[in-house]
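# Have a look at this fold, sequence not included:
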């Protein structure tokens, strides 16, 4: 499953992918100048930005669900910080050059 966030600022679009039957979420920035900038940002800042976007998206989804008359989706809870994370630098990796 996946869900995307189209940002107001060009290039800050994020695609979140859920790994089936695993508590893993992958975030991918759209191909743009901003994705190149992300490669220079400290890992914690990148993760923080992704978490902020994810929380906004889930809060909006929860709010939209609360207005519906049919059965609601269970609580959408996003932790303050992930248990673990890995920020790749695919664009600067000489073997991948941003391919995935």
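Now that the structure is in, tell me what you want to look at. Small disclaimer: the values here were computed from a predicted structure and weren't measured. Residues are numbered from 1 along each chain as shown.
# Residue 46 - nearest residue in space that isn't next to it in sequence?
residue 87 (5.0 Å; Cβ to Cβ, 6 or more residues apart in numbering). C-beta coordinates here come from the backbone N, C-alpha and C atoms, glycine included.
# now swap in residue 1 and tell me
residue 18 is the one closest to residue 1 (Cβ to Cβ, 6+ apart), at 4.5 Å.
# and residue 6, backbone torsions?
Residue 6 has phi and psi values of phi -90, psi 110 when expressed as degrees, to the nearest 10.
# neighbours around it, how many?
Neighbouring residues of residue 6 were enumerated by other Cβ atoms under 10 Å; the total is 8.
# quick revisit: what sits against the residue nearest to residue 46?
The contact partners of residue 87, taken as Cβ atoms under 8 Å, 6 or more residues apart in numbering, are 43, 46-47.
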